[in-house]
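The following comprises the amino acid sequence and a computationally predicted model.
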Protein chains: 2
Amino acid sequence: MPRVVQKYGGSSVADAARIRHVAKRVAARAERGDDVVAVVSAMGDTTDELIALAQGVTEQPQPREMDVLLSTGEVVSSTLLSMALHDLGRSAVSLSGAQAGIRTDAVYGRARIAAIDTTRLERELAAQRVVIVAGFQGASADFDVTTLGRGGSDTTAVALAVALDAGDCEIYTDVAGVYTADPRICPRARPLHDISYDEMLELASTGARVMHSRAVEVGALYDMEIRVASSFDESAPGTLIHRETTMEQASKVRGIAHQNRIAKVTVRGVPDRPGIAARVFEPLADANISIDTIVQNASVEELTDLTFTVDRADLEGAVRLVEGTMLEMGAREVVSDADLGSVSIVGGGLATSPGYAALMFRTLYKHEINIELISTSEIRISCIVRAAQVTDAVRALHDAFELDRED
Amino acid sequence: MPRVVQKYGGSSVADAARIRHVAKRVAARAERGDDVVAVVSAMGDTTDELIALAQGVTEQPQPREMDVLLSTGEVVSSTLLSMALHDLGRSAVSLSGAQAGIRTDAVYGRARIAAIDTTRLERELAAQRVVIVAGFQGASADFDVTTLGRGGSDTTAVALAVALDAGDCEIYTDVAGVYTADPRICPRARPLHDISYDEMLELASTGARVMHSRAVEVGALYDMEIRVASSFDESAPGTLIHRETTMEQASKVRGIAHQNRIAKVTVRGVPDRPGIAARVFEPLADANISIDTIVQNASVEELTDLTFTVDRADLEGAVRLVEGTMLEMGAREVVSDADLGSVSIVGGGLATSPGYAALMFRTLYKHEINIELISTSEIRISCIVRAAQVTDAVRALHDAFELDRED
C-alpha cells in the first residue's frame, strides 16, 4: 500500500477551523487507499506561550522540564486533528513522539533521533488508522520526553518517512514552497520547482527558514525526496527537495538567502601560534555559542587578527569568554559590532564558476553596500553587510541573477 | 526516611506566583529530610479550556483523544512546579502518570487504577529528588494515556501514598478542610477536625466536592489517613479523614450536604411484575446515566409508580429511554420535574438514632420546605426538595443540629 508522511506546521493547525481543513485533506488522502501518517506542530503561538509560562516561574527553566512542557503543545494539536478525523468518520489515533517509537539522545532542547521503533506505528497502520504523530519530540532511553529543537517537527516527518519506507514525504506550511528569496522582503521572489538537498541546507542555514536543516540532512542521508508546499493553496505544486537538480540547473544561482541579527567579534594582535584557534573557540563551543564565519588575517610580525560572527543574542557571552582567554594570552583588544546581517547566493557549482562571485560583489558595490566579511562554500557565497542594508542587498541580487525568471 | 505525598489542586497552582508559593512549601518539607512526592492538578481553568478547544473541533470528541488532550494540563503544571523547585536549589523531577507507573484500565474519561509500578518513583526518591507527579492520569496496558475523571488527582495522591507506604497523605485545596456545610451558602459552616471515610464519602457523593470520592474509597480500603487542608492558610490544621471518629462523635450529625440540579422522573402505572426494574434501569446504565434515589410505591391493583432522580443534565436522555421501554410495557405515563435539589444530614450511627430523622423533618416543616422524596443510608438521611429551597434547608439544618459548635 502506498505510504505518505505529511507534516502540518503551526499556522496550518492554528485554530479549530484550520484543523478541520487539515483533517479534510488528510482524510482525502486516506480515501485514496494510502497509509497516511500526519505529523503536526503545536498550534500557532502555543510554543511561545509555554515558554512565557516557564519564564513566569523561573528565569532559568530546567532543560529537562522545559522539554516536557513544550512537548505538550504538539500533543494537544495531535489529539485535536485525530478528533477532527473521527468527526469525518475516519479512524485515527494520535501518538506522542515516545509512543511513535522515536528514540533520541538525552540532550534536552536539541535532542537527535537515535532510532525509530515502528512497532506501534505499523500496528496502527495495519488497523487502517490514520496515525497523527506529535512532532518535535521523542523519548530518551529513560523514557523521558525530549525535544528536537525549533522546527523539529520537520525532522520528525522526514525521519518517520524514512523509517516507514514511505513513498512520499510532504511538508505543508503557510508558504507555497521554497522561494528564490524571502518574499516578505523581496516582492519578486517566486517558489522554486525543485532544489537539491545541499542547496536547501545552505538556504536553511543562512536564513530561509522554510524547513529545519536537520530534516533536510536526514532526507539527504537516506535519499528521501521531500515536497514542501502550502497547506492553504492546493493548486500550487510546491518545491521538491531531492538529490540532484536537473543538469541545466547544475551551475546556477537558485536563491538568495539572508540573515539579520549577526554580530562580529574581532580579536586584535593575537600571537600567531599553533593552538590559538582552539583556545578561542573551545570555550565558546562549551557555552553552546555557535560560530558562523571565521576569518584570520595574514600574520604581521607574528601577530594576527581573528574575526568571527555569532548570533547577536550570543554576542555578550562570546565577548566575555574571548576576553577571558585572549587578553591573558597577550592579545591586544577584543572589539565587536552588533549591527550586521548577511546576504548569500546559493546554487550548485558556484565554487567552480568565478563569474558569480564577481557579479555578486559588483552588484553590492553598485548599490553602495559595503562588504565586511566574505565566506564561501561549494554552493554558497555569503557577504556580511550592515544590517540596515540587508533588504536592499537581497533585492539587488535577486534582480542581478534574474531569479524572477522561471527555471 | 519519612515519606509524604502532597496534592495541590488547580487553584493552588493557578498562576506563576502560586506555583512558586507551592514550591516553597514543598521545599520546606523536603528540607526536613522527608521524601516528598507532590501531585498536581492542572492550572486553574486549564481543563475547561482544553474541553472548549476540543468542542471547537468536534461536537463528539473521541474519548481516547480527549484523555490525551486533558492529560496535558497536569503535565504542564507538573513541569512548572519542578522548575520552581529547581529555582529554589532543590533537585526535582516531573513525571507523567505513565512515567510514575500508574497503570489503569482502558476506560477513557474515568479509568480506574489497576496497579502502581513504583520503580521509577523509588529511583528518583533514592536520588534525593522531589518527585512531581501529574495528577488525574495514568496509562493503559497499551501505554495509552487515560484519565481518572474530574477530581482524579486526589485519587492519584492517595493511591501513590498507599503504593509508596507514605506516612502522610495531604490534600491541599483552596478551602480550610471539610466543612460542616458548604460555606458559600451557609455562613456559619466551620471546618471539621476529623471525619470518617464513610461520612466523607456520603458528603462527597451528595455535593461537598472537597475530594474525589474514589480517593476516599482508596484511603478507606488501605486505611491511609488523609489530611485535607488549605494551601493558602498554613495556620489552619484542616480535616483528618480516617477510619473512626472518636467515640463521643460516633453517633452525631457531622455535616449537611446538598446538591442542586436534581431532576425526578416518575413512571406511573407500571405493571408490578418481576424484572420491571431491570427493564427500566438497564438502558439507563448502558447510556451511562447514573441514578440516585429510587422509590417504588406500594402496588395498587398490580400497578405501581416508580420514581427516580438523575442529574438535571441527564433528564432528557433518561426520559427518552424510559419512555421507550416503559410505554411499550404498558405503563401509563412518564412525568418529570427538573427543578429539584437535595439536602442531607451525614453522621455515623444515624440509622440507629431515629431522633435525628425526626429533627430533620420537623426542621424542614418549620421552614415550610416540602419533602418530595426521602432516601437513607446507614450514615445519611437525604431529602429531595425544590431547588429554590436548598439554601434555606441547609442553613436551617445546620442551626438545628448546632453544627457551628466545636466538636
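The structure has been received and is ready for your questions.

which residues are there in the stretch 51-200 of chain A that come within reach of chain B?
For the stretch 51-200 of chain A, the residues in contact with chain B under the definition C-beta under 8 Å from any C-beta of the partner chain are A:53-54, A:56-62, A:64-66, A:68-69, A:72, A:75-76, A:78-80, A:82-84, A:86-87, A:93-94, A:96, A:99, A:143-144. Every C-beta, even on glycine, is put in place using the N, C-alpha and C of the backbone.

Buried ones only from these, please, as a ChimeraX command.
With 16 or more other C-beta atoms under 10 Å in any protein chain shown as the burial test, the buried ones among these are selected in ChimeraX as follows:
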select /A:53,54,56,57,58,61,62,64,65,66,68,69,72,75,76,78,79,80,82,83,84,86,87,93,94,96,99,144
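
In helices, which of the residues of the stretch 51-200 of chain A next to chain B fall?
The helices, defined by DSSP state H, take in A:53-54, A:56-57, A:64-66, A:68-69, A:72, A:75-76, A:78-80, A:82-84, A:86-87 from those.

need the contact list for whatever residue of the stretch 101-250 of chain A ends up closest to chain B.
In the stretch 101-250 of chain A, the residue found nearest to chain B is A:Phe143; the distance is 6.4 Å by C-beta to the nearest C-beta. Counting by C-beta atoms under 8 Å, 6 or more residues apart in numbering or on different chains, A:Phe143 touches A:Ala98, B:Gln99.

any idea how far it lies from A:Gly101?
12 Å (C-beta to C-beta, to the nearest Å).

what do you get for A:Asn297?
Relative to A:Gly101, and taking C-beta to C-beta, A:Asn297 is found at 51 Å.

do A:Leu81 as well
With distances taken as C-beta to C-beta, A:Leu81 is found 19 Å from A:Gly101.

A:Val390 touches A:Asp339, doesn't it?
No - applying C-beta atoms under 8 Å, one finds A:Val390 not in contact with A:Asp339, separated by 10.6 Å.

okay, those two: which has more neighbours?
Comparing A:Val390 with A:Asp339 by neighbour count (other C-beta atoms under 10 Å in any protein chain shown), the higher total belongs to A:Val390, at 24 against 13.

With adjacent residues omitted, what lies nearest to the more buried one?
A:Gly341 (3.8 Å; C-beta to C-beta, 6 or more residues apart in numbering or on different chains).

Tell me where chain A is predicted with low confidence.
Across chain A, residues meeting the criterion (pLDDT under 70) sit at A:205-209, A:245-251, A:407.

List the contacts of A:Glu122.
Taking C-beta under 8 Å, 6+ apart as the definition of contact, the neighbours of A:Glu122 are A:Leu164.

how about the host helix or strand of it: buried residues?
Secondary-structure element containing A:Glu122, defined by DSSP states H and E: helix A:119-126. With burial defined by 16+ other C-beta under 10 Å, the residues of helix A:119-126 counted as buried are A:Arg120, A:Leu121, A:Glu124, A:Leu125.

ok, now stretch A:43-53?
For stretch A:43-53, the neighbour count (16+ other C-beta under 10 Å) marks A:Met43, A:Gly44, A:Thr46, A:Thr47, A:Leu50, A:Leu53 as buried.

from those residues, which ones fall inside helices?
When DSSP H defines the helices, the subset of the buried residues of stretch A:43-53 inside them is A:Thr46, A:Thr47, A:Leu50, A:Leu53.

Turn those into TSV, columns for distance to B:Glu170.
Formatted as TSV, the entries for those read as follows, by distance: C-beta to C-beta, whole Å:
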residue	distance to B:Glu170
A:Thr46	33
A:Thr47	34
A:Leu50	29
A:Leu53	26
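
and which of these is nearest to A:Arg112?
Distance from A:Arg112 was checked for each of those by C-beta to C-beta. The minimum falls on A:Thr47, at 19.4 Å.

Contact partners for that closest one?
Residues counted as contacts of A:Thr47 (C-beta under 8 Å, 6+ apart) are A:Gly10, A:Leu70, A:Gly73, A:Arg150.

quick one: the helices in the stretch 201-350 of chain A?
If you assign secondary structure with DSSP state H, counting those that start in this stretch, the helices in the stretch 201-350 of chain A sit at A:213-222, A:276-286, A:315-326.

what about A:Arg320, how many neighbours?
By the other C-beta under 10 Å criterion, the neighbourhood of A:Arg320 contains 12 residues.

Kindly report the same for the one 10 residues further on.
Here the neighbour count serves as a burial measure; for A:Gly330 (other C-beta under 10 Å) it reads 11.

Distance check, it against B:Ser196.
Where B:Ser196 is concerned, A:Gly330 sits at a distance of 80 Å (C-beta to C-beta).

same deal with A:Ala287?
60 Å.
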